[in-house]
Structure formats: structure tokens, C-alpha cells
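Enquirer: this is the structure alone, sequence omitted:
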């Protein structure tokens, strides 16, 4: 058996508590609070204590899906990304960059948010980029 | 937040908590407030519901949803007329005081009591306590912002803090408690239609030139400039998609089919969207409508950083590999950009992305993974790698120079109760669930604590609608209707009802009003008019609800 803890930041509210993910044989098995953290000081709320619980849920999406004949069916990454690239390029050429909108996300990392707005602004050419800050 | 979470425990002598269900929405911030109370700090809570932190407050009042501006104008007027304003702060650090003073003079306590439902003596108690127990921190959440007067409400909060000199000092400030782990970071990174990373406006020619140069390899041709036209917000993009003006939407990790106001409208618009791409970790209500679904990775499966409510940039670390053939979201975006022929997305790691962020974003200029490893977290503004970070803002000077008092007239919410829809609905969160429930409802323990939606109804109103022991009601607004169980409780104000918005099968946002603030474009989630009808029987949907029955009994005992 191989066990270790990984110090990270809670994925729920904006308080920014730190927690240790407990990893046993490459699987998440639990959460421990981080004693010396300036915000959480060794505490967590009930959501934080359960922050690992959804990660391995059976409903997790495991492959890209593409709608064919009205149904979402399994696709390869290559197929899915090629379809998106082709469709976005065609719509942009036909109706201009502002016919495309992009949602960033308060659940994703800073780096991912930076990249998606760079994608919207530089690759697509639109400032139609926003996220759920208001919702 | 202008200030830092640890300061609440060490420095604040008073808290004015308004529109925040702190102990359920931000439990570890509530802990700091309660520890401060133990050493003598005063806690004032104002809310349409007597929430948990309201029970622990020194002073608590309910007020009518949407009457916030009248309430603040009344408090400002009392503080000025009683001579409790901080004259030195006003003279040295602010402008436009006289205009604000003239307007709030139109809000004597008697009129404010009529408008808000807070008694006259209550207004005096709150005003005197907040103005004299310095440093005093204002804490708020979406109860302030999710209104057609959201911007006016925030201006009013700032007026109050400036009037009493509670800005630029530890333990004071204007502190919006951020509801989502990285909503602060998403804004900081330019996930907004009007600004590049670090709030650099898209309308500023110098900013356009700077980013056009830095991102030249990603542009269709090296010399094509970036757009200086302000884009659409989420709410506007969805409506534009319904009108065919937006033909494709790329939605990363967001579930507007549950989080938008007026979901029937959202569904109509998303169904009309010609090409809908959804990138998420579950097949959400929104993903079910998509043409292409891309499986992203959860927080436990990738590296990166989140920025919390007090502007603290902290590490997210990969603990396990992504499930199945899912990819970290940063890799998906980079691959897609590559497929579209763009350069400038060949990053080897999130650390390399942060290096580019730091180069282009002055407030993140000193943030590196090496420093985060060493220090744990850094609070922006952090302009250089020698800078220690900034625990509180506006010391000695506001970013614009002088703090500007706004004279804020009072406006009623967009939809008021009437004969057909006699109740005011307000929405919010509960302790056990998070936003659209995608993650928490798939967590066994959290799900077992709260399995279904419910309506909070005052006992007088229960009698009025003839509930007669039934537990089931139909709630309708001009936009739709839902059926759910009812909890009769004195914690809610008569005439007002509350529904948590986490539950897709009885989604509060079927009912809410899409009227938006003219500047912030935020929908008025917190006020709309509804009708409540008793249904016969005690029909259950979605499993048993024994735990919520228990917590209701616990609450009754508390009261």
C-alpha cells in the first residue's frame, strides 16, 4: 500500500481554506484539515471535509461526447476538437467573431481562466467572455 | 474584499453583516466573527430571514427584500445628524460629501422604517453601534448584489464605510464574501467582457496595443488588433443566443440551466443555440443540451492556483490522475487553440501559464509558483517578486485618488408583490450544498443531510394559504411554477418566502426574474413576486426527507 497527503485548496466557497487530500494507492480516500493555514487554522466546514467525495463518482464524464442523430455518443478527443475547431472557424468566417460567446469559470484555476479569455480574445477575436460572478 | 479574513478575529470591533448567510455560506469566516464576539466585538445582522448568524448577533433586524438603499440612506442620515461621522477622513480622503448628505436628508428614520420594516429605534441602534465601534467591517454577499439596484447597493455600502472612516485600516472595510472558490481569480484573469487580466479595460488603446503585441502569435495575422468593443455578459450572451445573434457558445464548467434567472427562458435560448460546447466534469443540465461535451478534470486532478475572497493566490495541487480519458481544462484549451492554428498556447504546465500572467498583469507581477511554495499564499496587489502582498487595500489613498460619495436615490425592485402574486420570493444557499449541486449532491454525506428543496413560510402565511397540515405547495411566478415541500418557520418575515436554489427538480430559478441591474447586468435573484398554493397530501419526490425534518426541529429549539 502506498499512502500520502497532498496539500491543496478547497473547491467550494471563496473562503480559501486549505486541506490535505488523502491518497491511498492512487485513489482519494479522504480529507484532513491543514493545521497551520492562515485562513482555515486546522478547521473545515462539512463541505470541505467531503471535498474528495464527488471526484470518483460514477457519473464523471470519461470521454468526449458528440451529438449524432440527436444523441450524445462517445467520441475521440481528436474527433471532438476537430469538429469544434471547424465549426467555430466557419461561424467566425460567416458571422464574425462576435457571433461566438465563451464562458470562463469560477470553478476552474486562474491559469485556465487566463487561457480561455486569451482564446476568446486572441483566437476567436471577441470580448464575449464572462463567467458566473453574477449568478 | 478590501480587508483580510484573519483581521476579523484580531482587529475588528464591530461587524455589519447584510445579505450574507455567513455561517452556512462561509462557515469559517463566521467562525472568525464569533471569536471576535467572544473578545467583545459587536455583531449586527440585517437580513430578510433570521439566519443562523442572526441568532448569534448582538443586534438583528429583518428588512423588506430590495429596500437596501433606503436602509443605508437612513443609517447615513442618522450618523451625520448625530455627529458620528469621521470628519477628518471625509475632509482628507473623500469628495462629493455634500451631495450625498443632501440626498440622505430626505430619508428620516420614520420614512426609512416605513420603507424597510426596521423600527425607528432599531435604525438608531444599528447606526450608533456601527459608527462608534471602530474598526468596523461590513460583510455582505449576493444579498446585496443580486438586485436591479445591485450597483446602487454597493455604492451605499461604500458610502457607509467612508462616512465612518472605516477604509484603509485593518479590521474595517467593505468585504463582499466571494461565493465560489475562484470567482475572484476568474475576474482577476479577465474572465469578464470589459477587461483584460488585472482589470485593464478593453477600451483603452494602450492596453489593446500591449496585449496585441504580447499575444501576436495567437492572432489570425500578426498585425490584426484585438477587439476594443465591450463584450456581452453571461446573461446577455444567453439571450443573444436565443435571438440567433450568438451562434455558438463554449461553456467551461458552468451550469446556467440551473444558475440563471428564469430557467425556462435559458432553456429556450440554449436549445436554439446553433452550436453549444460544454466542458465539465459531469453531464450537467446544461451539458445535456450540448452538441459537443468535453470531459474536464476536477480540482484534485490538476495543478494550478485559486484566488480566494481576500485576494489570496494559493496553490491547487494534483493528487490523482484524471478519471478515464478526461483532461485538465488548461490542456483542453491549449489543444483546441492549436487545432485552430493559433500559436502562443504551447504551455508545458500551469506554472508556465502563471509566468505569462505575471508578465502582463501588474497586480500579479510578483506571483510565482516558487514564492507560493515558500509562502503558502500571496495577496494581490503584489507587483514585484520582492513585494510581500497586500493584506488590506486603500491605505492612505484610494486607487482613484479621493473616495467618491454617491448620492443614491431609492428605487423599488423590478417586481413587487400584488394581488395575483402576493408573496416576495428570495433565494439562497444552505450549509450542505453548493451552487447548482453538481458536486455536493453527488457527495454521499452532504446529500444525506439535505435531499430536496423546500419553501420557508411564516406561520401566519401558512394559515392564510390554508396549509392545514399539508406539507406540499405549488409556487408560481409569471415565469413558471414548481412543487415542493414547505417548512413553516418564524425565521422568515411574513409576506416573504425563501427557497434554496441547489435543486434541479424544484429549481427556484424557474421562478426568479431576469430583470437586470443596468450597469452590472446582474439579475434580480433576490426579489420576485410569487403565489403559494397548498396541495393536498404529503407527497414526496426524490426520496425521503427525514434529515431536513430533524434540522427543522433543531432550529425550532434554537429559536
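Expert: That came through fine. It should be emphasised that the depicted structure is a prediction, and the values quoted were computed from it without experimental measurement.

Enquirer: what's the mean pLDDT across stretch B:92-102?
Expert: The average pLDDT within stretch B:92-102 is 98.

Enquirer: counting neighbours, which bits of that stretch end up buried?
Expert: Across stretch B:92-102, burial judged by 16 or more other Cβ atoms under 10 Å in any protein chain shown covers B:93, B:94, B:97, B:100, B:101. Yep, even glycine has a C-beta here, placed from its N, CA and C like the rest.

Enquirer: for stretch A:27-34, same thing?
Expert: A:28, A:30, A:31, A:33, A:34.

Enquirer: assumed residue B:251 was part of a strand.
Expert: Yes: with DSSP: H, G, I helix; E, B strand; the rest coil as the criterion, residue B:251 is located in a strand.

Enquirer: pull up the gap between it and chain A, please.
Expert: 4 Å (Cβ to the nearest Cβ, to the nearest Å).

Enquirer: quick check: phi and psi on the residue nearest to that residue when sequence neighbours are not counted?
Expert: Closest residue in space to residue B:251, ignoring its immediate chain neighbours: residue A:103 at 4.4 Å, by Cβ to Cβ, 6 or more residues apart in numbering or on different chains. Taking degrees, to the nearest 10, you get phi -100, psi 120 for the backbone angles of residue A:103.

Enquirer: quick one: residues contacting residue A:103.
Expert: If you count contacts by Cβ atoms under 8 Å, 6 or more residues apart in numbering or on different chains, residue A:103 has them with A:129, A:130, A:131, A:132, B:234, B:237, B:249, B:250, B:251, B:252, B:254, B:256.

Enquirer: before we move on, what about residue B:145?
Expert: So, once contact is read as Cβ under 8 Å, 6+ apart, residue B:145 ends up touching A:134, B:19, B:153, B:154, B:176, B:520, B:522.

Enquirer: need the pLDDT of the most centrally placed residue in chain A.
Expert: Closest to where the C-alpha atoms of chain A average out (Cα atoms, centre = their mean) is residue A:108, at 4.4 Å. Residue A:108 is assigned a predicted lDDT (pLDDT) of 97.

Enquirer: again, but for the one 5 residues further on
Expert: Residue A:113 carries a pLDDT score of 98 in this model.

Enquirer: give me the domain ranges for chain B.
Expert: Chain B breaks down into these domains under automatic domain parsing: B:5-177, B:232-295, B:423-558.

Enquirer: put together JSON lines for the contacts of residue B:145, with secondary structure on each row.
Expert: Output for those, formatted as JSON lines (three-state DSSP):
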{"residue": "A:134", "secondary structure": "helix"}
{"residue": "B:19", "secondary structure": "coil"}
{"residue": "B:153", "secondary structure": "helix"}
{"residue": "B:154", "secondary structure": "helix"}
{"residue": "B:176", "secondary structure": "strand"}
{"residue": "B:520", "secondary structure": "coil"}
{"residue": "B:522", "secondary structure": "coil"}
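
Enquirer: name the element the residue of chain A most remote from its centre belongs to?
Expert: Distance from the centre of chain A peaks at residue A:94, with 30.3 Å (Cα atoms, centre = their mean). Here residue A:94 sits within helix A:77-95, counting by DSSP states H and E.

Enquirer: is that helix anywhere near chain B?
Expert: Yes: residues of helix A:77-95 contacting chain B under Cβ under 8 Å from any Cβ of the partner chain: A:77, A:80, A:81, A:82, A:83, A:84, A:85, A:87, A:88, A:89, A:91, A:95.
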